[in-house]
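1. Predicted structure and sequence below. I'll ask about it afterward.
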Amino acid sequence: MRALRETSGLTGDAIARRASMSAGKLSKIENGRAMPTVQDVDLILSALGVSDAVKEQFLATARAEVTEATAWRLLRRMGPWKHQNTIKAVEAHTAALRLFQGQLIPGLLQTPEYASAVFSLPPALADETRSRTVAARMERQATLDTQGWTAERSIREAASVSDPRTTMDGPVNLAVPRPLPEPAKGCGVCEALAGQRKTARDRGDFSAATDADVEIRNHPHRTRRPR
């Protein structure tokens, strides 16, 4: 909008008066220091006297920006772990899901450690919030088992999407994540490990929970002998 105003030859003060706003507010909008409402954009464009086609293009962009900003405010207000539950509810009624992730492994395939690292990126979540959010993301993966999806996923370097010659390796194909191992009936060690796993997951220590999974899978499952 600043470029449009400068092209029109009008000063900021003149446009601000026509748009019924202060010159300071207009300056902040033009320099990206304030998010304009759709009404602000409409008033400024009307003051500039642009064509209906140009106005509609700018208004469409403004509506999209306001919608995204509102969504992020709601996300911060409700808590990121609740947002994961919202996604889980959508996925529970999903028959087919196609994703393109150029930078990150999709949430349904992330390990607890990977998800924790993602949520540690700036702006990092607080420790308690991160643990709850990681736990909620891990719970989403239950959909892969309960929905009976046939899943085929491929992760490849982003450069190879535009030019396969830029990468030396082929795509990495991932199978559906393995279900949690169940303790063998009558095996005291496995039952104890399962208890440790639950405690670890409840407190958000997914590294310890994963260690317990490995121990359960590898344990010889010696059962108690009846006395």
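-> Perfect, I can see it now.

2. all strands of the chain, in order?
-> 153-155, 172-174 (DSSP state E).

3. Where among these is average confidence lowest?
-> Least confident of the strands of the chain, judged by mean pLDDT, is strand 172-174 with a mean of 48.

4. the longest helix in this protein is where?
-> helix 52-78 (DSSP state H).

5. Can you list the helices and strands that that helix packs against?
-> helix 38-48 (3 or more C-beta pairs under 8 Å, 6 or more residues apart in numbering; DSSP states H and E). Yep, even glycine has a C-beta here, placed from its N, CA and C like the rest.

6. Run the chain-centre distance for the helix it packs on.
-> 33 Å (C-alpha atoms, centre = their mean, to the nearest Å).

7. Buried residues in the longest helix of the chain, which are they?
-> Across helix 52-78, burial judged by 16 or more other C-beta atoms under 10 Å covers Lys55, Phe58, Ala62, Val66.

8. Point out where this protein drops to low pLDDT.
-> Within the chain, the ranges that satisfy pLDDT under 70 run 71-72, 74-76, 78, 101-103, 145-179, 204-207, 221-227.

9. if I look at the residue nearest the centre of it, how far off is Arg140?
-> Centroid-nearest residue in the chain, with C-alpha atoms, centre = their mean: Gly107, separated by 7.5 Å. Note on Gly107: its distance to Arg140, by C-beta to C-beta, to the nearest Å, is 6 Å.

10. What of Glu30?
-> 42 Å.

11. ditto for Leu10
-> Taken as C-beta to C-beta, the span from Leu10 to Arg140 is 52 Å.

12. my guess is Pro112 contacts Ala136, does it?
-> No. The criterion here is C-beta atoms under 8 Å, and Pro112 misses it with Ala136 at 11.4 Å.

13. Do a quick rundown of the helices in the chain.
-> Going by DSSP H, the chain shows helices at 2-8, 12-18, 23-30, 38-48, 52-78, 80-91, 112-118, 127-140, 143-146, 158-162, 188-202, 206-218.

14. right, so of the ones you listed, which gets closest to Arg98?
-> helix 80-91 (12.8 Å; C-beta to C-beta).

15. what's next to the closest one, contact-wise?
-> With C-beta atoms under 8 Å, 6 or more residues apart in numbering as the test, helix 80-91 has contacts from 75, 97, 107-108, 119, 125, 129, 132-133, 135-137, 139-140, 143, 147.

16. Ok, stretch 197-213 next?
-> Contacts for stretch 197-213 (C-beta under 8 Å, 6+ apart): 111-113, 116, 130-132, 134-135, 138, 180-181, 193-194, 196, 216.

17. picking up where we left off before, and the buried residues of helix 52-78, which is closest to Gly24?
-> Ala62 (19.8 Å).

18. give me the number of residues near Thr37?
-> 12 (other C-beta atoms under 10 Å).

19. now swap in Gly79 and tell me
-> Neighbours of Gly79 (other C-beta under 10 Å): 15.

20. Could you find the closest non-adjacent residue to it?
-> Nearest residue to Gly79, sequence neighbours excluded (C-beta to C-beta, 6 or more residues apart in numbering): Thr129, at 7.0 Å.
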